[in-house]
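Asker: Structure, please.
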Amino acid sequence: MGKKNIEELNLMDDFLMGSVLSYPVVGPEVCRKMISIILSREIREVRIVPQKAYFGADTDKHGIRLDVYAEETREGDVDTVYDIEPDKSSKGEMRLALPRRTRFYHAKIDADSLASGEDYAQLKNVTVIFISPYDPFGLKRMIYTIKNTCVEEPDMPYEDGMQTLFLYTKGSKGNPPEELRRLLRYLEDSREENAQDEDLKEIHRMVQQVKRDREVSLEYMKIYERERMIREEGREEGREEGYASGGEAAKIGIIRRKVEKGFSAPEIAEMLETEESYVNEVMHLLEKNEGVSDLEIARKKLGIEEGR
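Answerer: Okay, here's the model as predicted:
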């Protein structure tokens, strides 16, 4: 999480985004304003389910944790589901995996939204929104809108209700709306001077209300302290068992805890600033060695590596 004071956090930081959008009364209104600006149309009402987790049959490998799950309601019924994902990792491997990651998110949301026996026509529209300070496709666009089309007849209507928006905070190509430019600037740097219109001033007022909440500040401190303790445990194991096996055991222990909380391999790789292939390898070892200590798994892994 880093050593930022809560006052220094921006809405692109997972903790603040989740805290604001899950906050009573404030959350739905901030989300409604954000989505209205992003889509350039008025959203009347949303319901928020922050940090919603989906788990498949193989949860160790493919559980996903959606940062913000919002439901747009019309006349009391859910019309569209929005998944808002602030994504700050610019590592090449994770960027290349973005299209498949969004495909998996869409599939999980669809599976959850259709009850057994319901007709496919009752599937909700789903829009996944990734917001990043890096250009996901290198074409300098602020908005990349992805929909399924017919290759042979691209003008043929094909409305499956699925849409993905990639928003690049520094993009310029395509003449993006000024309201969106201001919003993305504010998300990346959530200071008062960047709240440059009435909607953003109202959003900033609500963000400050959340930051001043004592329980939110306490939760931020608890999370930071847990991360610090995990790092300290790793150093202690390294002293007791030797640098190589102890350090490896510490990393495996962190991955084990993150998996138990429902994080996916790409998310864990981002947190640990390591390669996704390494996280997948550890997940595989954890699955095959249920009940085995982190240190024993570390020795097995190091033994595998040394034998290569």
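
Asker: so where's the stretch 151-300 of the chain uncertain?
Answerer: 226-247 (pLDDT under 70).

Asker: And the helices in it?
Answerer: 178-188, 198-211, 214-241, 243-260, 265-272, 276-288, 294-306 (DSSP state H, counting those that start in this stretch).

Asker: Just tell me which of these ends up closest to Lys88.
Answerer: With CB to CB as the criterion, Lys88 lies closest to helix 265-272 of these, at 7.9 Å. Glycine gets a C-beta too; all of them are placed from N, C-alpha and C.

Asker: how big is the angle separating that closest one from helix 276-288?
Answerer: Counting by axes from the mean of the first three to the mean of the last three CA atoms, to 10 degrees, helix 265-272 lies at 110 degrees to helix 276-288.

Asker: Dump the helices of the stretch 151-300 of the chain to CSV, plus mean neighbour count.
Answerer: As requested, the helices of the stretch 151-300 of the chain are exported to CSV (neighbours: other CB atoms under 10 Å):
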stretch, mean neighbour count
helix 178-188, 19
helix 198-211, 17
helix 214-241, 13
helix 243-260, 19
helix 265-272, 21
helix 276-288, 17
helix 294-306, 16
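
Asker: now these as JSON lines including distance to Ser22?
Answerer: Shown next, in JSON lines, are the helices of the stretch 151-300 of the chain (distance: least, CB to CB, whole Å):
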{"stretch": "helix 178-188", "distance to Ser22": "17"}
{"stretch": "helix 198-211", "distance to Ser22": "9"}
{"stretch": "helix 214-241", "distance to Ser22": "10"}
{"stretch": "helix 243-260", "distance to Ser22": "20"}
{"stretch": "helix 265-272", "distance to Ser22": "18"}
{"stretch": "helix 276-288", "distance to Ser22": "27"}
{"stretch": "helix 294-306", "distance to Ser22": "32"}
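
Asker: Which of those sits closest to Arg101?
Answerer: Evaluated with CB to CB, these place helix 265-272 nearest to Arg101, the distance being 6.1 Å.

Asker: name the helices or strands packed onto that closest one?
Answerer: Counting contacts by 3 or more CB pairs under 8 Å, 6 or more residues apart in numbering; DSSP states H and E, helix 265-272 packs against helix 92-96, helix 243-260, helix 276-288.

Asker: Rebuild these as JSON lines, extending it with distance to Lys33.
Answerer: Listed next are the helices and strands packed on helix 265-272 as JSON lines, based on distance: least, CB to CB, whole Å:
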{"stretch": "helix 92-96", "distance to Lys33": "29"}
{"stretch": "helix 243-260", "distance to Lys33": "32"}
{"stretch": "helix 276-288", "distance to Lys33": "34"}
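
Asker: Of these, which is nearest Tyr168?
Answerer: Closest to Tyr168 of these is helix 92-96 (CB to CB; 11.5 Å).

Asker: Name the residues of stretch 124-143 that are buried.
Answerer: Of the residues in stretch 124-143, 124-133, 135-136, 141-143 count as buried by neighbour count, 16 or more other CB atoms under 10 Å.

Asker: Just the ones of those residues in strands?
Answerer: Under the assignment DSSP state E, these contribute Asn125, Val126, Thr127, Val128, Ile129, Phe130, Ile131, Ser132, Ile143 to strands.

Asker: and of those residues, the nearest to Leu187?
Answerer: Closest to Leu187, out of all of those and judged by CB to CB, is Ile131, at 6.3 Å.

Asker: That closest one against Lys88, yeah?
Answerer: No. In this structure Ile131 lies outside contact range of Lys88 using CB atoms under 8 Å: 9.3 Å.

Asker: Overlap in contacts, the two.
Answerer: Here Ile131 and Lys88 share the contacting residues Met12, scored by CB atoms under 8 Å, 6 or more residues apart in numbering.

Asker: Dump the helix or strand harbouring Phe15 to CSV, restricted to CA.
Answerer: Per DSSP states H and E, Phe15 falls inside helix 14-22. Extracted in CSV, the C-alpha atoms of helix 14-22 (Å, rounded to 0.1, in the frame of the first residue of the first chain):
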residue,chain,number,x,y,z
ASP,A,14,-7.9,1.0,-4.5
PHE,A,15,-8.5,1.7,-0.8
LEU,A,16,-9.9,5.2,-1.3
MET,A,17,-12.0,4.3,-4.3
GLY,A,18,-13.5,1.3,-2.4
SER,A,19,-14.1,3.4,0.8
VAL,A,20,-15.8,6.3,-1.0
LEU,A,21,-18.0,4.1,-3.2
SER,A,22,-19.1,1.9,-0.2
